[in-house]
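**Q** The amino acid sequence is not available; the structure is as follows:
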């Protein structure tokens, strides 16, 4: 399986509302629950109406479009990260999964995946 690195810095945010979020920008992930409005985006695109934010994230994704019948892909990656004491923040889209780690753990995460047989592209 191929892992594609993404060369941006990301932020995980809680926003007041989505009025200042440009959802047409690449790598814009929004989530809304009964308790909060969340946003994951490229750090330079964090809107001004952010209530809380956590900067310093880097990301990679599972390359290609994943079939919904595939089981355990994210579980295997998250287990590898946990075994190596690397925290993750995962975002899933229709096509694939994105995994974010803090920037200081990113190189180690990529090495762990490479050592486990994943091809890094």
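**A** That came in fine, so what should we check first? All of these numbers come straight from a predicted model, not from anything done at the bench.

**Q** which is the next helix or strand following the helix or strand bottoming out on mean pLDDT in the chain?
**A** In the chain, no helix or strand scores lower on mean pLDDT, DSSP states H and E than helix 73-83, which sits at a mean of 91. Following helix 73-83 in sequence order, the next helix or strand is strand 89-92 (DSSP states H and E).

**Q** contacting residues around that next one?
**A** For strand 89-92, the surrounding residues in contact (C-beta atoms under 8 Å, 6 or more residues apart in numbering) are 12, 29, 40, 57, 74, 78, 97-101. To be clear about C-beta, it is placed using only N, CA and C from the backbone, and glycine gets the same treatment.

**Q** Restricted to strands, list those residues.
**A** 12, 29, 40, 57, 97-101 (DSSP state E).

**Q** Mind putting those residues into TSV with distance to residue 88 and neighbour count?
**A** Listed next are the ones in strands among the contacts of strand 89-92 as TSV, based on distance: C-beta to C-beta, whole Å; neighbours: other C-beta atoms under 10 Å:
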residue	distance to residue 88	neighbour count
12	11	19
29	14	16
40	12	20
57	10	20
97	10	16
98	10	20
99	5	23
100	7	24
101	6	21
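
**Q** Rebuild those as TSV, extending it with pLDDT and distance to residue 119.
**A** As requested, those are exported to TSV (pLDDT from 0 to 100; distance: C-beta to C-beta, whole Å):
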residue	pLDDT	distance to residue 119
12	98	27
29	96	25
40	97	25
57	98	23
97	89	16
98	94	17
99	95	15
100	97	20
101	97	18
